[in-house]
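J.: curious how this folds, go ahead:
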Amino acid sequence: MSDILIIGSGAIGLLTAHELARSGAKITLVEQGATGREASWAGGGILSPLYPWRYADAVTALALWSQGQYPQLCTELREATGIDSEYVRGGLLILDSQEQDQALAWGQRHQARIESVPRDALHEIAPHLGPRPPTALWMPEIAQVRNPRFVKALRRSLAGRVTIREQEEVVKLRIDAGRIIGVRTCRGTLAADRVLVCAGAWTGRLFAGLGKWPDLEIEPVHGQMLLFRAEPGRLSPVVLFCDRYLIPRRDGRILIGSTLERTGFVKATTPTAREDLHRAAVELLPPLASAPVEHHWAGLRPGAPQGIPYIGAYPGIRGLYCNAGHYRNGLVTGPASARLAADLLLGRDPIIDPAPYALDADR
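T.: Next comes the predicted model:
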């Protein structure tokens, strides 16, 4: 029997297992598919919310704490596993200019470096850009990771410390006398003293019908992206404009994302989205017109009200916890979310006030 059973092995589940394993607890991870191959794999790896001033302070608190942890975390993972997560602090350039006052005020309030730059400075930051607005916003300290490599490194780092069961869907939470006692999977039953649900977009299905509290408001939000094989050096910062963003990788590849579609659990690519993303990419960076598209894929984000994740105990059922609903910011807020969830499960003083993330909090 496990001390703690974690359902879901995306970045949130893996990071939480990483935190909990340090306590010496016996951890089991159960994953319905392959480790880290859903939203954590499909995203872009930008370590900042897009337009961060638009988010609630609860999201900002998780993001800022996590940003401070990533350099050391990626170094530790590389030393332990040999996998380089490609942590790069290339900055975030935001070409939208309508909310500059709001953005600058947000930066001052949270002591986050963000500044207004004039058109003539854009050439130095990103010389091949298409759009040249009169002013832009520049966040030079924003970093990215190559998310598939990051989750691979997390997975490998847990070898020998955590039991990982893949291709095993959890179909029911097992509850007895107001307490969680384990789960039933497609292969049988697993016992555990505590169960933490980190199932991303699928989380709401597991909590549905428990009868102890209204169902969690987590819905799948479909997103599509393209990957270009471009020449190295075409772009250094992440660029954001009109809800589309370019992410440059070290090897020259550039991602364009992402659509926002509410189509339930359908995870498919469409010709319309491909055309829209390709057009936006070329408008942002004209040299991409001659770069081949290497890949087109889709993923399902776990959308929660205001993008605030649910982190904490399930009311009325002892031993049942949740860490899910991070929407577009699973990697951005992952280290802080994992640490907070571990603090609550282990009865430690939490790193930040857990109240805004409680399952029964007003959102």
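J.: can you point out the buried residues in stretch 45-58?
T.: Along stretch 45-58, these residues count as buried under the neighbour rule (16 or more other C-beta atoms under 10 Å): 45-53, 55, 58. Quick note: C-beta positions are derived from backbone N, CA and C, even for glycine.
J.: mind putting these in JSON lines, secondary structure included?
T.: Compiled in JSON lines, those are given as follows (DSSP: H, G, I helix; E, B strand; the rest coil):
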{"residue": "45", "secondary structure": "coil"}
{"residue": "46", "secondary structure": "strand"}
{"residue": "47", "secondary structure": "coil"}
{"residue": "48", "secondary structure": "coil"}
{"residue": "49", "secondary structure": "coil"}
{"residue": "50", "secondary structure": "coil"}
{"residue": "51", "secondary structure": "coil"}
{"residue": "52", "secondary structure": "helix"}
{"residue": "53", "secondary structure": "helix"}
{"residue": "55", "secondary structure": "coil"}
{"residue": "58", "secondary structure": "helix"}
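J.: as CSV, those residues with pLDDT and distance to residue 228 would be great.
T.: Putting the buried residues of stretch 45-58 into CSV (pLDDT from 0 to 100; distance: C-beta to C-beta, whole Å) gives the following:
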residue, pLDDT, distance to residue 228
45, 97, 16
46, 98, 17
47, 98, 21
48, 98, 22
49, 97, 24
50, 96, 20
51, 97, 23
52, 97, 26
53, 98, 29
55, 97, 28
58, 98, 35
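J.: residue 236 - how many residues pack around it?
T.: 14 (other C-beta atoms under 10 Å).
J.: pretty sure it sits in a strand.
T.: No. Per three-state DSSP, residue 236 lies outside any strand segment and is coil.
J.: tally of neighbours for the residue lying closest to it once chain neighbours are set aside?
T.: In space, and not counting its chain neighbours, residue 236 is closest to residue 90: 5.1 Å by C-beta to C-beta, 6 or more residues apart in numbering. By other C-beta under 10 Å, the residues close to residue 90 number 17.
J.: okay, helices next: where are they in the protein?
T.: Per DSSP state H, the chain carries helices over the ranges 11-21, 39-42, 57-81, 100-110, 119-125, 147-157, 203-207, 271-284, 330-346.
J.: which strands and helices sit next to the longest one?
T.: Just to be clear, that refers to helix 57-81. In terms of contacts (3 or more C-beta pairs under 8 Å, 6 or more residues apart in numbering; DSSP states H and E), helix 57-81 is packed against helix 147-157, helix 330-346.
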